[in-house]
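> quick one, fold the following:
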Amino acid sequence: MKVKTTSWMRTAIIVFGLFAFAAPSLSQRLAEPSIWDGAMKQFAEMDRLDPPEPGGIVLTGSSSIARWNGQAADALAPLTVIPRGFGGSVMSDVLFHLDQVVLKYQPRAVVIYEGDNDTAYEIPQEAIVSNLREIIRKVHAKLPETRIYVMAVKPSVLRVNVWDDAQRVNAAYQQVAELDPLVYYVDSASPFLREDGHVMPDIFVEDGLHLNAMGNLIWGSIIRAALMPQEARYE
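The predicted structure follows:
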């Protein structure tokens, strides 16, 4: 399968990825989980103009994926990818919108990056992991052979105060993957750490959270290395 990306689609996903991280507050999200309906409408319009073929690889999650939406196809070529990150989201948002961002595409694989905002918002680890398990259950109920790649929460300068919590979440993600042959844990944390265990300070834009060009090169190489052994054979 070839990556089918029109110039309109590239523009749309780049613009959306850049501005979607202006996220609602946690209280807004908990009170109204449909806060992302606008993003879902944008995705639906993109699908109308350039419908993805079934059997691709969905990339979804928060801003580290959303800001990379426009780069994903080139970075992961020749893999057929469907970038559906919506910045500012948490794991429960992916669960709530699972039909729109995952199931409708009948993907052979799904890449999920969540936990970054969850830990920053002090959502309990048990809730994060429970939502992940429910996502896995729902995906496999409809798509029993679909592989799920769960990315570790990356370290960042901005969120060093919750890094211990993030590491515990990462350990829980790893345990989930170890118990399911169709779930893969992607270590998207270690590559951003120096030898002394501290996060590299020069891979972020000014906010200390989102990745700059160098950070995105590392990010892309992490995802590519995780996907290629299993997914390249289907292209």
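
> so residue 230 makes contact with residue 147?
Yes. Here residue 230 reaches residue 147: they are 6.2 Å apart, a contact under Cβ atoms under 8 Å. Heads up, the C-betas are built off the backbone N, CA and C, glycines and all.

> neighbour count for these two, which is higher?
residue 147 (20 against 13; other Cβ atoms under 10 Å).

> ok, for the more buried one, nearest residue in space, not its chain neighbours?
Residue nearest to residue 147 in three dimensions, not counting chain neighbours: residue 109, with 4.4 Å by Cβ to Cβ, 6 or more residues apart in numbering.

> ok, the one you found touching residue 227?
Yes. Residue 109 is within contact range of residue 227, at 7.1 Å (criterion: Cβ under 8 Å).

> now the common contact residues for residue 230 and residue 147.
109, 184 (Cβ atoms under 8 Å, 6 or more residues apart in numbering).

> okay, and the beta partners of residue 58?
With DSSP bridges as the criterion, residue 58 is bridged to residue 82, residue 110.

> what about it, how many residues nearby?
There are 25 residues near residue 58, going by other Cβ under 10 Å.

> what about it, distance to residue 96?
Distance check for residue 58 against residue 96: by Cβ to Cβ, to the nearest Å, it reads 16 Å.

> how about the helices in this protein?
Along the chain, counting by DSSP state H, helices occupy 7-19, 26-31, 37-49, 63-66, 69-76, 91-96, 98-101, 116-120, 125-142, 163-178, 213-231.

> okay if I get the ones you listed as TSV plus mean pLDDT and distance to residue 188?
TSV is the format used below for these (pLDDT from 0 to 100; distance: least, Cβ to Cβ, whole Å):
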stretch	mean pLDDT	distance to residue 188
helix 7-19	40	17
helix 26-31	54	23
helix 37-49	93	22
helix 63-66	92	8
helix 69-76	93	14
helix 91-96	94	15
helix 98-101	96	19
helix 116-120	95	10
helix 125-142	97	15
helix 163-178	98	9
helix 213-231	97	5
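
> among those, which is nearest residue 186?
Ranking the helices of the chain by proximity to residue 186 (Cβ to Cβ) places helix 213-231 first, at 4.4 Å.

> can you tell me what sits against stretch 205-221?
21, 63-64, 67-68, 71-72, 75-76, 154, 156-159, 188, 191-192, 202-204.

> give the buried residues for that stretch.
Buried residues in stretch 205-221, counted by 16 or more other Cβ atoms under 10 Å: 209-211, 215-216, 218-220.

> again, but for stretch 78-94
79-94.

> send me that stretch as PDB with only the CA atoms.
Written as PDB, here are the backbone C-alpha positions of stretch 78-94 (Å, rounded to 0.1, in the frame of the first residue of the first chain):
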ATOM      1  CA  PRO A  78       6.900   3.200   3.200                       C
ATOM      2  CA  LEU A  79       4.500   2.400   6.100                       C
ATOM      3  CA  THR A  80       0.900   3.400   5.500                       C
ATOM      4  CA  VAL A  81       0.100   5.700   8.400                       C
ATOM      5  CA  ILE A  82      -3.100   7.600   9.400                       C
ATOM      6  CA  PRO A  83      -2.000  10.400  11.800                       C
ATOM      7  CA  ARG A  84      -4.900  11.200  14.200                       C
ATOM      8  CA  GLY A  85      -3.200  12.800  17.200                       C
ATOM      9  CA  PHE A  86      -5.200  15.500  19.000                       C
ATOM     10  CA  GLY A  87      -3.000  17.600  21.300                       C
ATOM     11  CA  GLY A  88      -3.900  18.100  24.900                       C
ATOM     12  CA  SER A  89      -5.700  14.800  25.100                       C
ATOM     13  CA  VAL A  90      -5.500  12.200  27.900                       C
ATOM     14  CA  MET A  91      -6.000   8.400  27.800                       C
ATOM     15  CA  SER A  92      -9.700   8.700  28.600                       C
ATOM     16  CA  ASP A  93     -10.100  11.000  25.500                       C
ATOM     17  CA  VAL A  94      -8.800   8.300  23.200                       C
END
